[in-house]
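Provided below are the primary sequence and the corresponding predicted coordinates.
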Amino acid sequence: ACVNRAHLIDTMLQARALFTQAGLVQRAAQGAACSLKRGFASKVGTDDTHDDFKPQYKAEPVSDVNKLIEGDVKSNTVFVYMKGVPDAPQCGFSNMACRVLDAYGVKYGARNVLSDPNLREGIKKFTNWPTIPQVFVKGEFIGGADILMNMHNTGELEKVLGPIVKEQGGK
């Protein structure tokens, strides 16, 4: 009896799934909104949005972004490309990177990649590294928050940042 009940329930669930799928296909074919799809105010490929609501930013040539990055990392001993700013990070990983650097007492520069889409993509291409934050020390790309934490945990970060902190007049 138990096997028959289980088989019956399984059959009912399969029938329900097929019925639901058939209903959704039929409604989608009729042009109705399908409950499995999320509806948006405008359709993809149409241009029915007013100019005030379209993304607005000045596209900078890649060479200008590269010059900006090169200038940042050359003029700062330690530099972080992050989401937000050190006093108000907008990402947990950016926050972690800043807090680690703060713990060492090192002075560092930072740039908010959220303020410029070209910079956000440009830094990823510049370093061939897909994530933000990105930390540079003495012009060399070190890595992201995970690499920074690993270097801290192994003691390697102290060796890298210790002399810089002394140069900057810190501890």
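Thanks, I have it. Numbering: from 1, shown residues only.

in this protein, which spans are strands?
Applying DSSP state E to the chain gives strands spanning 78-82, 84-85, 88-89, 109-112, 134-137, 140-143.

for burial, what's the neighbour tally of residue 81?
29 (other Cβ atoms under 10 Å). From N, CA and C alone the C-beta is placed, and that goes for glycine too.

err, residue 67, not the other one
Neighbour tally, residue 67, other Cβ under 10 Å: 12.

do the same with the one 3 residues further on
Neighbour count of residue 70, defined by other Cβ under 10 Å: 12.

repeat for the one 10 residues further on
The number of residues packed near residue 80 is 27, by other Cβ under 10 Å.

please tell me I have it right and it contacts residue 141.
No: with contact defined as Cβ atoms under 8 Å, residue 80 and residue 141 do not form a contacting pair (11.2 Å).

what do these two both touch?
Shared contacts of residue 80 and residue 141, defined by Cβ atoms under 8 Å, 6 or more residues apart in numbering, are found at 134-135.

hang on, the earlier thing: out of the strands of the chain, nearest to residue 51?
strand 109-112 (25.6 Å; Cβ to Cβ).

let me see the ranges of the helices in this structure.
2-29, 62-75, 92-104, 117-127, 145-154, 156-167 (DSSP state H).

so which elements touch the fifth one?
Counting contacts by 3 or more Cβ pairs under 8 Å, 6 or more residues apart in numbering; DSSP states H and E, helix 145-154 is packed against helix 92-104, helix 156-167.

which one of the ones you listed is the most hemmed in?
helix 92-104 (a mean of 18; mean count of other Cβ atoms under 10 Å).

mean confidence for that one?
For helix 92-104, mean pLDDT rounds to 95.

by how many degrees do it and helix 145-154 diverge?
Computed with axes from the mean of the first three to the mean of the last three Cα atoms, to 10 degrees, the direction of helix 92-104 lies at 30 degrees from that of helix 145-154.

residue 84: neighbour count?
So residue 84, with other Cβ under 10 Å, has 18 neighbours.
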